[in-house]
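1. how would this look folded up:
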Amino acid sequence: MVKVLYPGSFDPVHNGHMEICATASRMFDHVVVAAMRNPQKSSPLFSDEERIEMLTEACAHLTNVEIVQFGELVVDLAQRLEVDFIVKGLRSPADFESELQMAQMNKSVSGVETVFLPSTSENSFIASKYIRDITKFGTDCSHLVPESIADRLREKMPK
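-> Numbering: from 1, shown residues only. Sure, this is the predicted structure:
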């Protein structure tokens, strides 16, 4: 059985994330989607608990996907969960440059390999940062996220 880890902040989970989850679930026996708060990113729109709930709802149809929360290094989580690979989605050449460096560092310190999955062009421009910004200004972006997430985003919009 091949088990992989798909880490991210998922604030919020969007269609690009879901594309990578669905692809990984077809390629591998077990996918662990791990949500963390990234201290290098701007203030979160959703709490840790809300992000776990959203991921659980959005991935409910993927029977081999498990959702966890973590607050440690990705490689430490990967080793603790005994995964075979880390999965990362790529939207652009810039993503590849930063993710390749991270993959090389992860391999160096833990021995865990990273598998890159490219997104389709219809999802390659989507980023959680933009969704957070758009939502904070009251603009609807429900077409960029799973339906259950769209409802939660509407609740976050200014009244």
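2. Which parts of the chain are strands?
-> 3-8, 30-35, 65-69, 85-90, 113-118 (DSSP state E).
3. pLDDT averaged over the longest helix along the chain, what's the number?
-> Counting by DSSP state H, the longest helix found in the chain is helix 93-110. On average, the pLDDT along helix 93-110 is 95.
4. Check what contacts that helix and list those residues.
-> With CB atoms under 8 Å, 6 or more residues apart in numbering as the test, helix 93-110 has contacts from 74-76, 78-79, 86, 88-90, 112-114, 116. No exception for glycine: its C-beta is placed from N, CA and C like everyone else's.
5. between these, which is closest to residue 135?
-> residue 89 (21.2 Å; CB to CB).
6. Please tell me I have it right and that closest one contacts residue 120.
-> No: in this structure residue 89 lies outside contact range of residue 120 using CB atoms under 8 Å: 10.6 Å.
7. hey, what's in contact with both of these two?
-> Common neighbours of residue 89 and residue 120, counting by CB under 8 Å, 6+ apart, are residue 19.
8. more neighbours, these two?
-> For residue 89 versus residue 120, the count of surrounding residues by other CB atoms under 10 Å is larger for residue 89: 21 against 11.
9. Now do that one, the pLDDT please.
-> Predicted confidence (pLDDT) at residue 89: the value is 97.
10. Quick check: beta-bridge partners of it?
-> Beta-bridge pairing for residue 89 (DSSP bridges): residue 117.
11. can you check residue 8 too?
-> Counting by DSSP bridges, residue 8 forms beta bridges with residue 35.
12. how near is it to residue 148?
-> 18 Å (CB to CB, to the nearest Å).
13. Just the angle for the longest helix of the chain relative to strand 85-90, thanks.
-> 160 degrees (axes from the mean of the first three to the mean of the last three CA atoms, to 10 degrees).
14. what angle sits between helix 93-110 and strand 113-118?
-> Going by the same axes, to 10 degrees, helix 93-110 makes 170 degrees with strand 113-118.
15. Give the buried residues for helix 93-110.
-> Neighbour counts over helix 93-110 (16 or more other CB atoms under 10 Å) mark 95, 99, 103, 106 as buried.
16. from the chain's centre, how far out does it sit?
-> Its chain's C-alpha centre and that of helix 93-110 lie 16 Å apart, by CA atoms, centre = their mean, to the nearest Å.
17. Stretch 51-67 now?
-> Using CA atoms, centre = their mean, the offset of stretch 51-67 from its chain centre is 11 Å.
18. Kind regards, and thank you for your time.
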